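Asks: Attaching a predicted model along with its sequence, questions to come.
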Amino acid sequence: MPETAKQKIIKPLKNFPLEEYINSGHRACQGCAEVLAVRHVLKAIGPNAVMAMATGCMEIISTPYPLTSWNIPWIHVAFENAAAVASGVESGLKALRRKGRIPDKDVTVIAMGGDGGTSDIGLQALSGMLERGQKVIYVCVDNEAYMNTGIQRSSSTPFGASTTTSPAGKVHPAGQMTWKKDMTAIAAAHGIPYTATACPSFHTDLMTKVQKAKNAEGPAYIHILSVCPTGWRIPPNKAIEYGKLAVDSGVFPLYEVENGVWKLSRKPKQLKPVADYFKGQGRYRHLDEKLTAFIQEKVNERWEKLLAQCGVSVSEEGEKKEE
């Protein structure tokens, strides 16, 4: 593939890159927002990249032997060690440049995993990579369960969602009984240069954040909500809509932590009720008014805490919108 000039920060939609680094024809489910997120991440980074990807949906759908959908160097690794392998790639590239074995040019190293491969199985490798200060972008594509192996709960599954291993019933009427692990705050606590949340429903925000991660002087972490029509039990054509509802209800707020400074990316004038977000999702169909009100209270509490961290008044008017 011919080398192209280093891409500038993307803001206007007219500058949306036309190049594709993951081909169509893969085997993702209809309406999969996760593969859309991957597509936008790679467009923002460009061709000079190497990716280490943990086992998961994106690996399964993109590499049925002997075929591949990837147009960049891509390494399939075990569930738990995407960050460890990416760390080795980053160190190896530095050593080869130092010895004059490869050209001295910028190559972005990416580690990518789902919520299971990130917040559960791969957490220690990720923490080590961040602590060492290695220049790697870690991207978590979070569909909020182990979707590839049968919709089992992960530590990223939200309270109240029903999965095959946290089913709603008489013993646990809410289904999932623990709250979603805050991986973005955990990553930011390592003191790294850049951390952010994103969602492909707001693609300009996502791609701008990926480019900030690329330009960061050190490791970066981006946590992307990736709507899964199959696991969430919604129509395939509703993935973008539910991504917007997750953000605008405060269930999955968009923000970034840049050199320790918390910044809100989107602030609706008024949060939509979580009931609007739950409506139509099969994984939440068991929730009654009492449980919904309990979740709403927790979402409001976390939203107010985030606003305080970002130095934004709860009563401040105005709305940050996608450019």
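Replies: All right, it came through fine. Numbering: from 1, shown residues only.
Asks: low-scoring stretches of the chain, by residue?
Replies: With pLDDT under 70 as the threshold, the chain has low-confidence stretches at 1-14, 314-323.
Asks: Now do the strands in it.
Replies: Taking DSSP state E as the test, the strands found in the chain are 49-54, 74-77, 108-114, 137-142, 194-198, 220-225, 255-258, 261-264.
Asks: Now do the last one: which elements does it pack against?
Replies: Other elements packing on strand 261-264 under the criterion 3 or more CB pairs under 8 Å, 6 or more residues apart in numbering; DSSP states H and E are strand 255-258, helix 289-309. (Glycine included, C-beta is placed from N, CA and C.)
Asks: Quick one: the ones you listed as TSV, columns for distance to Tyr194 too.
Replies: As requested, the helices and strands packed on strand 261-264 are arranged in TSV below (distance: least, CB to CB, whole Å):
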stretch	distance to Tyr194
strand 255-258	6
helix 289-309	16
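Asks: So for Gly113, which of those sits nearest?
Replies: Of all the helices and strands packed on strand 261-264, strand 255-258 sits nearest to Gly113, with 20.0 Å by CB to CB.
Asks: What is the burial count for Phe159?
Replies: Using other CB atoms under 10 Å, Phe159 has 17 neighbouring residues.
Asks: What residues are bridge-paired with Asp142?
Replies: Note on Asp142: beta-bridge partners by DSSP bridges are Leu225.
Asks: doesn't Ser155 make contact with it?
Replies: No: look at Asp142 against Ser155 with CB atoms under 8 Å: they stay out of range, at 10.7 Å.
Asks: which residues do those two both contact?
Replies: With contacts defined as CB atoms under 8 Å, 6 or more residues apart in numbering, the residues adjacent to both Asp142 and Ser155 are Asp115.
Asks: And these two? Which one has more around it.
Replies: Under the criterion of other CB under 10 Å, the comparison of Asp142 against Ser155 puts Asp142 first, with 29 against 15.
Asks: Show the contacting residues for the more buried one.
Replies: Neighbouring residues of Asp142 by CB under 8 Å, 6+ apart: 114-115, 118, 156, 183, 223-226.
Asks: let's see 10 Å
Replies: Asp142 sits next to 34, 37, 113-116, 118-119, 154, 156-157, 180, 183-184, 197, 199, 223-228, 252 when contact means CB atoms under 10 Å, 6 or more residues apart in numbering.
Asks: still on that earlier bit, Gly25: which of the strands of the chain is closest?
Replies: strand 74-77 (15.6 Å).
Asks: The closest one pairs with which strands, and in what direction?
Replies: strand 49-54 (parallel).
Asks: quick one: the strand it pairs with to strand 108-114, angle?
Replies: Using axes from the mean of the first three to the mean of the last three CA atoms, to 10 degrees, the inter-axis angle of strand 49-54 relative to strand 108-114 is 20 degrees.
Asks: May I have the residues that are in contact with Thr118?
Replies: Applying CB under 10 Å, 6+ apart to Thr118 gives the contacts 54, 56, 80, 82-83, 111-112, 125-126, 138-142, 154-156, 181, 183, 187, 221, 223.
Asks: For ChimeraX, what selects the buried ones among these?
Replies: Per 16 or more other CB atoms under 10 Å, the buried members of those correspond to this ChimeraX selection:
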select :54,56,80,82,83,111,112,125,126,138,139,140,141,142,154,156,181,183,187,221,223
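Asks: Could you measure from Ile224 over to Lys269?
Replies: Distance, Ile224 to Lys269, by CB to CB, to the nearest Å: 25 Å.
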